[in-house]
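Q: okay, structure incoming, though there's no sequence with it:
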């Protein structure tokens, strides 16, 4: 058996721990106290190992005291440091992966709640005991509230009809907006579909209206089958059947036109015949009943990890924060592990922020000489009264060292500074050492008091606000051993607890201000003369800064904004003085009568600039209008902005959990978006708790997700094996070793019969081992191919990457998908192919393999005997299309190429996608062009020796034009139409420029290498020419188009160099 290596500390993968026969030494502890060491097959099932142990135990003392073998099961400490009972004895030991090879035989009397907790911990990659160990009241309260939501949801599933269960478990994928271009793809205005019958060979084709609903198609198919078999008189209810997409776990049902179903729409656009299978509802009912058993069992379980309810506390008298007019103060007590140079002077800077707004001047401690520990005992007073502190105010600290310029040269290396992390003032250099943030009010709205130890973070973003990092997390560093620690004490202003006023008191305050203000009836109105001024301000993009006068005008005319420019709410919120309680109260009252925004407009309100609790609740209220399809489109951003939430319990987390529990497709997406980042310390608790809540509310889904986790673990192990041996053996031998591994039972079972994490409708049923391979790039991605056992299923390919961060690819593909939607809404279908991509862990994930496609490099290489000349062969691409398309099919393929080429020219220009060589541009046999690998975006083009390797705005080479012009040099009509497509596509995207800026801004917290600050997003503003008129913007794009055409020879030179290197490596 080939060795598998994943981690030098992973005993289930390291070669030295495994015998030549694939066995591993395991220690067993029996209930009698007897210890037995036994070599067992690493890939043996738990049941087989128990039999081996039982046979061996016969010869040991006290065996007669043991009960029957079935009375026991194994227990182990798993990878999340939790005791796990191995109830499912069909699992293999190498898949269980105990923390150490030690198994304890225990009596089968495990509490069902404990079993569920253990399974959840393994599934989410974080033991639930870690949450208990925190002993944090906020964590306990949040878990209890999420538990109630989950239990209510799971109770609502009991007794569902099979149709309602189907809607929840396999929700139909729909696209309500029907593009005009689809009419050209229909047959005389009709839709042609093939309907198969489950468990028999009957198949019939029907030409029907695209507006026909599925139940009517059921009736047609049943009636035709009965007629052919001479059973016209037999009564069959069409509602007893449901249409399934052949070869997929996807169903076509409900009272919707057939053309709205995504699968059918895609088939029509690709000119392929939709293949549907008519399935009896009894099949669905059986699936439903099986899940109901699991659901009903879960309802009866009680978790051992549910915190005990605290006894009710007596209501104490409290003081409103609005009654405290003293300046806000804290005491800086001391600092530990400051980790600075001895000759440095160390300061602590503190600032109060609301979002990115600094509420008052920052304060700085006295300086001390650099050493590890220091005592300050210094009062830091801020120029803001306690009563004016907003509810979401955060206190930000930075520890920094000040050194003379002459002394810095020697020390900079030790302090690990970068060009972004230094500030020069008066001949001195200021170096950040650590930062940490905390909220001024706790999660219950109490003003913090007493002492607090803040363990700091040492990694700094590119942009700092006076050395402070207000956008950073309010969680302290959990790795306390080496972290700089600041000890502070909050000032006490009253013997009673101080609370932020409840919402009804805020509204009372706003009403009081309105009664007392002069000309209250006219407040916030400016008449027609200010309408034009406001309109000009409101039409600016989100990156445009407002001057002080403009902010004052917006706030003064806030009622005009509400009536005439409701979409201006983000600008109004930025114009508000959040350090003035009167203005904050008036804003909260105004928000109650503010019109609902469109969901796309409301997304901006979830940015870091808008931390107010009620603003974010308003935004989430707007998002509730979203369909499940639209929510899926923006789920990536919505998960990222959870990081901006200072407290666990918030409207956004509740909204996402509720929608995920109501739609399993969304649930799977949310699960993987959260789990892929649960290893990040700053969000580990927050994301882990939401994952726990989802699992409790979707117990039946856990088995599907656990199978996916198991498969991904196997892929990671296999990838590590290949990397280990890549330098020692040839590609052919490496491929053989890979195939040998995949044929082993442990791998074959783990990698078979699972729903794809990329798309739960796709079944990865059976490995096609001979077609599996690994790729030549540095991380040796796995190319895994599956046969589909379901009727009508095609080969399915997925690519597993381990070592690359796929989140930037995910973002780029999501934006390409959105562009495709926006173009289609405007009646333009540019045949974009945003293939599936999903990050599943720390620098690992899956990519959908697009079938029937080749890279431009391979097409060119295969048509030339000389690698250096391949890139300049303009006929290669057209000849390749001719090889697979004849007659009218060739015309359609060229049209497909023209449309898709136009779409990607515009998309790659707008997004600033770089590193475009002939190996990351591909073409399908039907002519559809698409780009892959998006490691460089937003204008971050590759350079060598300071010279940019890419000198064109987007890729438009003469071999592309040769295809567009159908091989005819003078075909200006075809090229003119292509150019028109590009210009039209560009102007459509420009109209939605604010949306693109918002989506990228919401991703700033993701930690992507090329999206770290607002400056990076400026590229979008420039490429879309958002500050210019439409005529000026179009003129700019035309210039870029001409530049791409004129400089395309440089692209060909780059491609030649790439092709030569590729040919040499192979």
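A: Yes, it's here. From a predicted model like this one, the values you see are computed outputs, not experimental measurements.
Q: okay, CA-based contacts and neighbour counts for the rest of this
A: Fine.
Q: I figured residue 940 hits residue 1016, correct?
A: No - using C-alpha atoms under 8 Å, residue 940 is not in contact with residue 1016; the gap is 9.1 Å.
Q: list residues touching both of the two?
A: Here residue 940 and residue 1016 have residue 1010 as joint contacts, going by C-alpha atoms under 8 Å, 6 or more residues apart in numbering.
Q: average pLDDT for stretch 320-334?
A: Mean pLDDT, stretch 320-334: 96.
Q: same question but for stretch 153-163, I mixed them up
A: Per-residue pLDDT values over stretch 153-163 give a mean of 88.
Q: chain neighbours aside, what residue packs nearest to residue 393?
A: In this structure, residue 393 finds its nearest non-sequential neighbour in residue 354, 4.9 Å apart by C-alpha to C-alpha, 6 or more residues apart in numbering.
Q: that neighbour: how many residues sit nearby?
A: The criterion is other C-alpha atoms under 10 Å. On that basis, residue 354 has 22 neighbouring residues.
Q: bridging residues for it?
A: On the basis of DSSP bridges, residue 354 takes part in beta bridges with residue 357.
Q: separation between it and residue 1014?
A: 18 Å (C-alpha to C-alpha, to the nearest Å).
Q: can you check residue 331 too?
A: Remark: distance between residue 331 and residue 1014 (C-alpha to C-alpha) = 34 Å.
Q: those two: which is more packed in?
A: When residue 331 is set against residue 1014 and neighbours are counted by other C-alpha under 10 Å, the residue ahead is residue 331, at 17 against 14.
Q: so who does the more buried one touch?
A: By C-alpha under 8 Å, 6+ apart, residue 331 lies in contact with 377-380, 488-491.
Q: from those residues, pick the one nearest residue 765.
A: residue 488 (57.8 Å; C-alpha to C-alpha).
Q: does that closest one count as helix, strand or coil?
A: strand (DSSP: H, G, I helix; E, B strand; the rest coil).
Q: just list whatever residues bridge to it.
A: Beta-bridge partners for residue 488, by DSSP bridges, are residue 332, residue 452.
Q: got a list of what it touches?
A: Here residue 488 is in contact with 330-334, 451-454 (C-alpha under 8 Å, 6+ apart).
Q: quick one: buried ones out of those residues?
A: Of all the contacts of residue 488 considered here, the ones buried according to neighbour count by 16 or more other C-alpha atoms under 10 Å are 330-334, 454.
Q: please check the contacts of residue 331 and keep the buried ones.
A: Neighbour-count burial (16+ other C-alpha under 10 Å) applied to these gives 379-380, 488-491.
Q: domains in this protein, by residue range?
A: Per the record's domain assignment (automatic domain parsing), the chain is made up of the domains 15-110, 168-291, 327-432+440-492, 502-595, 850-1065.
Q: nearest to residue 645, of the ones you listed?
A: Nearest of the domains of the chain to residue 645, taken as C-alpha to C-alpha: domain 327-432+440-492 at 8.9 Å.
Q: how far out from the middle of the chain is the closest one?
A: Going by C-alpha atoms, centre = their mean, to the nearest Å, the spacing between the C-alpha centre of domain 327-432+440-492 and its chain's C-alpha centre is 31 Å.
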